[in-house]
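**Q** here are the coordinates; sequence isn't available:
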């Protein structure tokens, strides 16, 4: 078995089966934590995009 490293916490873990795609996370807890992080990151990205859009609209038109 090949040692893999969790994309969430960095802990090493062993792949249980050589079939299918390699898992990214060492446990269901890490998988759930990454789902929460993705939701928060996407919400933050939307907020940043909205703020940038407002800044662009607030700029004066070029002369």
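**A** Yep, that arrived. Computed from a predicted structure; not experimentally measured.
**Q** use CA for all of it now, contacts and neighbours both
**A** Noted.
**Q** from residue 32, how far out is the residue nearest to the spatial centre of the chain?
**A** Closest residue to the average C-alpha location of the chain: residue 38 at 4.4 Å, with C-alpha atoms, centre = their mean. Separation of residue 38 from residue 32 (C-alpha to C-alpha, to the nearest Å): 10 Å.
**Q** state the distance from the residue nearest to the centre of the chain to residue 2.
**A** Distance from residue 38 to residue 2, by C-alpha to C-alpha: 27 Å.
**Q** swap in residue 29?
**A** Counting by C-alpha to C-alpha - residue 29 and residue 2 are separated by 22 Å.
**Q** just residue 37 next, same as before
**A** 27 Å.
**Q** out of those two, which sits in the busier spot?
**A** residue 37 (13 against 9; other C-alpha atoms under 10 Å).
**Q** what residues sit buried inside the host helix or strand of the more buried one?
**A** Under the criterion of DSSP states H and E, residue 37 resides in helix 28-58. Within helix 28-58, the residues scored as buried using 16 or more other C-alpha atoms under 10 Å are 30-31, 34.
**Q** hey, which helix or strand in this structure has the poorest pLDDT?
**A** Least confident helix or strand of the chain, by mean pLDDT, DSSP states H and E, is helix 28-58 with a mean of 84.
**Q** tell me the contacts of residue 15?
**A** 1-4, 22-23 (C-alpha atoms under 8 Å, 6 or more residues apart in numbering).
**Q** so what pLDDT did residue 20 get?
**A** Looking at residue 20, its pLDDT is 86.
**Q** meant to ask about residue 62
**A** Reported pLDDT for residue 62: 69.
**Q** before we move on, back to that, lowest-confidence entry in the contacts of residue 15?
**A** For the contacts of residue 15, the least confident entry is residue 1, with 55.
**Q** including distance to residue 47, could the buried residues of helix 28-58 go into a markdown table?
**A** A markdown table is the format used below for those (distance: C-alpha to C-alpha, whole Å):
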| residue | distance to residue 47 |
| --- | --- |
| 30 | 26 |
| 31 | 25 |
| 34 | 20 |
